[in-house]
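Participant: Give me coordinates for this.
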Amino acid sequence: MPSRFLVYCCRTFEPVTLFIVYKNYLLTLDIEDTMKKLQLILPLLLMAAAAGCGDDDDDRPVVADKVFDTALNAKYPGASNVKWEREGSYMVADFYYQSFDMEAWFAGDGDWRQSETDYGPNIQVLPTEVQTAFAASEYASWSVDDAYRYDRPDMTFYVIDIEKVNSRDLQVFYKPDGTLIQAIPDIADITPDTPIPSV
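Facilitator: Residues are numbered from 1 along each chain as shown. Below is the predicted model:
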């Protein structure tokens, strides 16, 4: 069977030329010109890529000041596997407490602002009122991705992250008594600055 695609490369002392024969057409490519262009473009591409990679050190583990360790131990005595990171103006402790993965948010002065308890997809650990309200809601047929408890100085609320094929993921917020607060698209983390409507 005759070859329909042939490539020939000829090198004299200078320029390297690539001859491509395809279906009786001859294409020539001057490798030297292409390499010169690449030598100009490649450094520009590398600089653009380096500039696009910001040094976002907000999520890197840090050593917390004693005021934060003291505040965490006062709020959650016996917390284990504590790792600190800075998120915006807050110091956030990621730790285990009473068999759950938790986060606690502290202001710059060590003042506790919010805690998050991650229950995973296990909604059976939520208050019965929240379970009952969710089971009776329009979202009962959706898949539960995660369930959380949030504690703030002035309120406690629960969030169930849900998903459904061909639908946008949602976060459904409940009061401890099972009252629906809101259902919104799952677009961001909940921080102490996230407004929660009162019902």
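Participant: OK, contacts around Asp101?
Facilitator: Residues counted as contacts of Asp101 (C-beta atoms under 8 Å, 6 or more residues apart in numbering) are Asp94, Phe95, Thr117, Asp118. Heads up, the C-betas are built off the backbone N, CA and C, glycines and all.
Participant: ok, so of those residues, who is nearest Leu180?
Facilitator: Nearest to Leu180 among these, counting by C-beta to C-beta, is Thr117 at 20.0 Å.
Participant: what bridges to the closest one?
Facilitator: The partner list for Thr117 in beta bridges (DSSP bridges) reads Met102, Arg149.
Participant: Give me the number of neighbouring residues for it.
Facilitator: Using other C-beta atoms under 10 Å, Thr117 is surrounded by 18 other residues.
Participant: okay but it is in contact with Arg149, surely?
Facilitator: Yes: counting by C-beta atoms under 8 Å, Thr117 touches Arg149, with 4.3 Å between them.
Participant: quick one: low-confidence parts of the chain?
Facilitator: Along the chain, the model assigns pLDDT under 70 to residues 1-25, 27-60, 199.
Participant: Kindly state the domain boundaries assigned to it.
Facilitator: Residue ranges for the domains of the chain, per automatic domain parsing: 5-52, 61-185.
Participant: Mean neighbour count, these: which tops it?
Facilitator: domain 61-185 (a mean of 16; mean count of other C-beta atoms under 10 Å).
Participant: Ends of it, what's the gap?
Facilitator: Counting by C-alpha to C-alpha, to the nearest Å, you get 29 Å between the two ends of domain 61-185.
Participant: before we move on, back to that, would you format the domains of the chain as JSON lines with distance to Ser198 included?
Facilitator: Listed next are the domains of the chain as JSON lines, based on distance: least, C-beta to C-beta, whole Å:
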{"stretch": "domain 5-52", "distance to Ser198": "41"}
{"stretch": "domain 61-185", "distance to Ser198": "8"}
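Participant: closest one to Pro195 among the ones you listed?
Facilitator: That would be domain 61-185 among the domains of the chain, by C-beta to C-beta, at 10.2 Å.
Participant: Asp146 contacts Thr117, correct?
Facilitator: No: in this structure, Asp146 is not within contact of Thr117 by C-beta under 8 Å, at 11.0 Å.
Participant: can you map out the strands along the chain?
Facilitator: Using DSSP state E, the strands found in the chain span residues 5-11, 16-22, 25-30, 61-62, 80-87, 90-97, 100-106, 112-120, 143-152, 155-163, 170-174, 180-185.
Participant: who's in contact with the longest one?
Facilitator: The contact list for strand 143-152 (C-beta under 8 Å, 6+ apart) reads 113-123, 125-126, 156-164, 169, 190, 192.
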